[in-house]
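Student: okay, here's the prediction I keep looking at, along with the sequence it came from:
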Amino acid sequence: MMTITNSPQVGFLVPLRNNLEEEIEKEEKTIPKISLSEGLNVIGRNCIPVTDKRLSRKHLSIHAAANGSAEVFVEGTNPVVVRTKDERKKLLSGEKRKIEDGDIIELIPGHYYFKYVTLDGKKNENLTTNKQKTYLDGESSYGKDQVHIRKRTRDASEVEPEPLAEQSKKKQLEKNGKDIENSSEGICQFKVSNFKLPLTFQLLRVQELPPWANTNTVSINDVIQGDVLLAVLSNYMVDIDWLLSACPMLKNVPNVLVIHGEGDGTLEYMKRKKPASWVLHKPPLPISYGTHHSKAMLLVYPRGVRVIVHTANLIHVDWNNKSQGLWMQDFPWKDNNSANKGCGFASDLIDYLTALKWKEFNANLTGLGSFSINPSFFKKFDYTSAAVRLIASVPGYHSDSSLRKWGHMKLHTVLQECTFSEEFRKSPLVYQFSSLGSLDEKWMAEFQSSMSAGVTENKKPLGVGEPLIIWPTVEDVRNSLEGYAAGNAIPSPLKNVEKPFLRKYWAKWKASHSGRCRAMPHIKTFTRYNGQNLAWLLLTSANLSKAAWGTLQKGNSQLMVRSYELGVLFLPSSIKPGCGFSCTDTAKSSDDKSGLQESSEMKRMKLVTLDWKENQAVESSEVVQVPVPYELPPKPYSAEDVPWSWDRRYTKKDVYGQVWPRQVQLYACQDF
């Protein structure tokens, strides 16, 4: 579908402790850094975890060149200090200054020290790449002297890491190294051809992980690329400052529609900061306590449209620090001479877009003409090669013909129409998500019934599968890349988490093979599996809640849904011609079948995890690996494991030396 390119990395901003004179020489080399790429880098509260209002969202910018030279420009109203050797220079708003390797930046005079280190300078540090790898991805328990990984978020409270003894650090690195040597690095084998890419999904890149853990992962610039004529960006949270700095090409897209779930305060800020041509829309919420939670993009090109469904909010921390997933596929414009072919994906997409009720607007698409941008506009593309089915939720009371269009009833309907291998009869289920609603046993049985739908090849029901819930423990959060601050993105209260009937469902977040044990999950997946074989998998924005999935009412004749959600369902269906079409690679034709063996009959897909081993003949199937980030089968909680809840007090210090709670709130409790 596309060629993945990464922005060249130039260097880092390495945080220093307040005792600057001492730390210039004795800086902790494993304290987390802010990566700087070639070109413009914006630094502020979007990536520094403080609530100090003197530090603005767009505090300063650093324009870095490929040779490591850089220039600081003060964007905010408060001064910045640059220390070069023995000179200490105060820069006022609007002033700029060149910096070199080893220079110190004080974001506020006397506070928030960072050292500029180029990649060449980085090579001379004592901590090797292998040590970074073993430290960041080890699974062993982490002591109170753990290295401090700074959370990058727009609303986190100030954290001042405690000192770390060098001897303790070396012991920890050695211990973690043993774990890594014995663990599988399954993500390293995740190599997907352009043709097969729509049949699976990709994980988002995690900034603090070593290269092996980011094999075939994507950043926002790998997705939004090329000659985009129109962009529709759908999300819950939108940090417009971060979005424009992380993906500056969006400033040049002539037509952008942002469909969001933000509140009035953030909305007013977005209105002031957005480019003039951008259109903002918050879909109607007819039932209380609902949200617009869907995370998707529609990018229109001269050659077609790219459809992206993912799990990350449009904020820095979601695209850099979390375990996240993303699916995309490109589709060509329809041929006016061909018949108007319909398919399930197309009708599901148009129905969902129609429910969003944005105000129609006109857009002049260069080289194509002027169009009215409404849901019907997206009927102009040929979706017959779609490799997935869309599973959406739309708020409302749904009955009659719409009863099975949304939520878990839509999933039930699609699965019921599918035929699965006999090995999945009564096979288990996994629910994995980042926010737990207020549930009861009756609804859990209702949801389980929909998840268990489907028949075998001899038309027998698959039967009800027993589910496990993969959910981070308190220790997982405490020892994560972000420490307790990661719990802001796992916003479930004690009253929801500690219901006695849930105890039998809890299973651990274990992710050695993807290198994401300490990258807390914001990804949401639901699946049915047998060993390392998958019957199906759903990548979605939906958490486990009645608000997201809906609840049956009136003798099961009505489904009540509160929120907008969107997901893609991967099924073992046949691979379709045209799956490898690309909007950005003009060398590819719409019927490209590269990577697929020639056959008079299309092969049926076999969905497997990254840990699947080729130990049996699969001549009749085309094997497609799905990068499920956690290990299957899941390991149930031990007696000592405690499920994370964000309104409990935790006095055992995290990797920052912090306790919980901290007075911050990044994620709203959208699914209670």
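Tutor: Great, that's in hand.
Student: please count neighbours and contacts with C-alpha atoms only from this point.
Tutor: OK.
Student: return the set of residues that bridge with residue 80.
Tutor: Beta bridges link residue 80 to residue 91 when assigned by DSSP bridges.
Student: ok, it - how many residues close by?
Tutor: 26 (other Cα atoms under 10 Å).
Student: now residue 52
Tutor: For residue 52, the neighbour count with other Cα under 10 Å is 13.
Student: what does residue 651 give?
Tutor: Residue 651 has 10 neighbouring residues, counting by other Cα under 10 Å.
Student: residue contacts, the residue lying closest to it once chain neighbours are set aside?
Tutor: Among residues not flanking residue 651 along the chain, residue 659 sits closest, at 5.1 Å (Cα to Cα, 6 or more residues apart in numbering). Residue 659 is in contact with 484, 649, 650, 651, 652, 653, counting by Cα atoms under 8 Å, 6 or more residues apart in numbering.
Student: not counting sequence-adjacent ones, nearest residue to residue 234?
Tutor: residue 259 is the one closest to residue 234 (Cα to Cα, 6+ apart), at 4.6 Å.
Student: show me where the chain has its helices.
Tutor: Assigned by DSSP state H, the chain shows helices spanning 20-26, 119-122, 129-137, 166-182, 220-223, 240-246, 264-273, 316-320, 344-356, 407-416, 441-451, 474-478, 494-497, 546-549.
Student: any idea which of these scores lowest on pLDDT?
Tutor: Across the helices of the chain, helix 129-137 has the smallest mean pLDDT, namely a mean of 34.
Student: quick check: bridge partners of residue 203?
Tutor: residue 325.
Student: go ahead and confirm residue 378 touches residue 348.
Tutor: No: the pair residue 378 and residue 348 does not pass the contact test of Cα atoms under 8 Å, sitting 11.6 Å apart.
Student: in the stretch 201-350 of the chain, where is pLDDT below threshold?
Tutor: Low-confidence segments of the stretch 201-350 of the chain, defined by pLDDT under 70: 337-341.
Student: likewise for the stretch 501-650 of the chain?
Tutor: Within the stretch 501-650 of the chain, the segments meeting pLDDT under 70 span 574, 587-602, 615-620.
Student: mind running it again at 50?
Tutor: Counting by pLDDT under 50, the ranges of the stretch 501-650 of the chain that qualify are 589-600.
Student: which residue lies nearest the spatial centre of the chain?
Tutor: Centroid check for the chain by Cα atoms, centre = their mean gives residue 324 as the closest residue, at 2.9 Å.
Student: I'd say that residue and residue 521 touch.
Tutor: Yes: with contact defined as Cα under 8 Å, residue 324 counts as touching residue 521 (6.6 Å).
Student: quick one: residue 329 and residue 299 touch, right?
Tutor: No: with contact defined as Cα under 8 Å, residue 329 does not count as touching residue 299 (10.6 Å).
Student: neighbour count winner among the two?
Tutor: Between residue 329 and residue 299, residue 329 has the larger neighbour count (other Cα under 10 Å), namely 27 against 23.
Student: identify the bridge partners of that one.
Tutor: Counting by DSSP bridges, residue 329 is bridged to residue 307.
Student: what's near enough to touch it?
Tutor: Applying Cα under 8 Å, 6+ apart, the residues near residue 329 are 1, 197, 198, 306, 307, 308, 386, 579.
Student: against residue 194, how distant is the last one?
Tutor: Separation of residue 579 from residue 194 (Cα to Cα, to the nearest Å) stands at 9 Å.
Student: what about those two, which has more around it?
Tutor: Just comparing residue 579 and residue 194: by other Cα under 10 Å the higher neighbour count belongs to residue 579, 27 against 21.
Student: buried residues in stretch 570-583?
Tutor: Neighbour-count burial for stretch 570-583 flags 570-573, 575-583 (criterion: 16 or more other Cα atoms under 10 Å).
Student: need the distance between the two termini of that stretch.
Tutor: So stretch 570-583: terminal residues 22 Å apart, Cα to Cα.
Student: chain center to it: distance?
Tutor: 23 Å (Cα atoms, centre = their mean, to the nearest Å).
Student: check stretch 325-342 too.
Tutor: From the chain centre to the centre of stretch 325-342 is a distance of 25 Å (Cα atoms, centre = their mean).
Student: and the contacts of stretch 355-375?
Tutor: 229-230, 255, 281-284, 302, 350, 353-354, 377, 394.
Student: turn these into a markdown table, columns for distance to residue 612.
Tutor: A markdown table is the format used below for those (distance: Cα to Cα, whole Å):
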| residue | distance to residue 612 |
| --- | --- |
| 229 | 40 |
| 230 | 40 |
| 255 | 43 |
| 281 | 43 |
| 282 | 42 |
| 283 | 42 |
| 284 | 44 |
| 302 | 39 |
| 350 | 36 |
| 353 | 37 |
| 354 | 40 |
| 377 | 41 |
| 394 | 36 |
